[in-house]
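Engineer: sequence below, structure please.
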Amino acid sequence: MMDDSSWNLRVRGETEVQRLDRNWASLLQELRVVQTGVQLLTGFLMVLPFQPRFESLSTSMRVLYLVVLTASICATALLVAPVAAHRLLFRRHQLAWLVSASNQLALTGVTLLGVAMVGVAVLLFDVVAGTAAAVAAGVFFGALFIGTWLVRPWLARRRSPPDAPDDQQPGLEEDDPH
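Structural biologist: Predicted coordinates for the structure are as follows:
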């Protein structure tokens, strides 16, 4: 089996530094997709207690609100952290560490974002339609996030050998350029 660096050099013609640059650029683009949404969610959650109807929430829904707010704030911190780390490590030749650490931060941040979004759905369904609808929404959206964000990529990862070229990965259509 060929290691990742050798595979990249053979198949993509990339040096290790070029691969790290590509990985960093790809990671930054992914973070751009989620950062605005998680920041907006966090901002909306921060003003929620100042709304008149907040007082009508049950104690359990207030506890859930605090869990959701905590998850959203932590997600925001983790998803923005790679940018701060990049600024602190600028011109320090730490790109390998930065890509690896940022990948871990992004995975944890996206997980917390999923927790926050499921929690928001439960809160909203509870206020609008009651406890039974809130439980159903939590189960449905939890399953949706777990299925699409975790299970499906994990299954694809299990099916593909690590040293297979991108154009020979299972499930890739012939007319798909990616």
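
Engineer: show me which residues of stretch 24-38 are buried.
Structural biologist: Trp24, Leu27, Leu31, Val34, Gln35, Val38 (16 or more other C-beta atoms under 10 Å). In short, each C-beta sits where N, CA and C put it, glycine included.

Engineer: actually stretch 16-23, not the one I wrote
Structural biologist: For stretch 16-23, a neighbour-count test (16+ other C-beta under 10 Å) marks Arg19, Leu20, Asn23 as buried.

Engineer: excluding chain neighbours, what is closest to the second one?
Structural biologist: Closest residue in space to Leu20, ignoring its immediate chain neighbours: Leu95 at 4.6 Å, by C-beta to C-beta, 6 or more residues apart in numbering.

Engineer: wouldn't the one you found be in contact with Arg22 here?
Structural biologist: No: the pair Leu95 / Arg22 is not scored as a contact, 10.9 Å apart, by C-beta atoms under 8 Å.

Engineer: counting contacts, what elements does the longest helix along the chain pack onto?
Structural biologist: Here the longest helix in the chain is taken by residue count, with DSSP state H as the criterion, and it is helix 95-129. Using 3 or more C-beta pairs under 8 Å, 6 or more residues apart in numbering; DSSP states H and E as the contact test, the elements touching helix 95-129 are helix 16-47, helix 59-88, helix 131-146.

Engineer: that helix relative to helix 16-47, how many degrees between them?
Structural biologist: Per axes from the mean of the first three to the mean of the last three C-alpha atoms, to 10 degrees, the angle that helix 95-129 makes with helix 16-47 is 30 degrees.

Engineer: next, give phi and psi for Arg92.
Structural biologist: Dihedral angles of Arg92 (phi, psi; degrees, to the nearest 10) stand at phi -110, psi 0.

Engineer: neighbours of it, how many?
Structural biologist: Arg92 is surrounded by 9 other residues when neighbours are defined as other C-beta atoms under 10 Å.

Engineer: distance check, it against Pro49.
Structural biologist: Counting by C-beta to C-beta, to the nearest Å, the gap from Arg92 to Pro49 is 42 Å.

Engineer: quick one: contacts for Leu57?
Structural biologist: Leu57 makes contact with Tyr65, Leu123, Val127 under the criterion C-beta atoms under 8 Å, 6 or more residues apart in numbering.

Engineer: and those, which is closest to Arg10?
Structural biologist: For Arg10, the closest of the contacts of Leu57 turns out to be Leu123, at 51.1 Å, with distances computed as C-beta to C-beta.
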